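**Q** Any chance you could fold what I've pasted below:
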Amino acid sequence: MFRKCLIACLTLLSLSLASVAEARNDNHGRWDNLGSKSVRLIGDRDSIHVNRGPYTKLRFSVHERAVEFQRVFVEFSNGDRIEVPVRDRIHAGGQTRAIDLPGHARHIKKIVFWYKTAPGSLERAKVSVWGRR
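**A** Coordinates of the predicted model:
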């Protein structure tokens with residue numbers, strides 16, 4: 001009886017550890033860096049040519065200084081173009097939430113964004129774009 005109980009407990013423990021490892025990999029293991037740009041103090045328009053995929057989500061991270069986003073567009077390889085919602089201001093060291101791309105996973109041709117470094121310093125900010133498969 002003790003042996004059966006021990007086997008059942010070990011089986012449950014190994015299944016729960018496997019599901020935790022899978023969840024951790026699902027949340028952190030599939031984000032690809034699609035590119036980065038330095039942001040000037042004045043308004044700036046940049047694009048990152050991706051030509052990869054398929055991706056289901058995007059995320060923007062900001063380094064060095066806060067960045068104010070005005071507009072962000074994603075162009076797909078099939079010619080579709082969408083505007084994605086991004087908060088107005090992302091602080092240094094911060095990131096946007098995961099932004100869902102409509103439909104199934106899609107191949108991204110390029111990402112175009114208008115932004116500027118928040119006032120208060122002469123340092124340039126760096127914006128990185130991440131895609132999740």
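
**Q** contacts and neighbour counts: CA atoms only from here.
**A** Will do.

**Q** in stretch 51-66, what's buried?
**A** 53, 55-66 (16 or more other C-alpha atoms under 10 Å).

**Q** for stretch 78-91, same thing?
**A** 86, 89-91.

**Q** and the residue nearest the centre of the chain, what helix or strand is that in?
**A** Per C-alpha atoms, centre = their mean, the C-alpha nearest to the average position across the chain is that of residue 59, at 2.3 Å. Residue 59 is located in strand 57-63, with elements delineated by DSSP states H and E.

**Q** Where in the chain is the helix or strand with the lowest mean pLDDT?
**A** helix 2-28 (a mean of 47; mean pLDDT, DSSP states H and E).

**Q** Residue ranges in the chain under the pLDDT threshold?
**A** 1-29, 121 (pLDDT under 70).

**Q** let's go with 50 and repeat that
**A** 9-10, 12-13, 15-28 (pLDDT under 50).

**Q** Can you show me the strands along it?
**A** 31-39, 44-55, 57-63, 67-76, 81-83, 89-90, 99-100, 106-117, 125-132 (DSSP state E).

**Q** Please state the offset of the second one from the chain centre?
**A** If I follow you right, that is strand 44-55. 12 Å (C-alpha atoms, centre = their mean, to the nearest Å).
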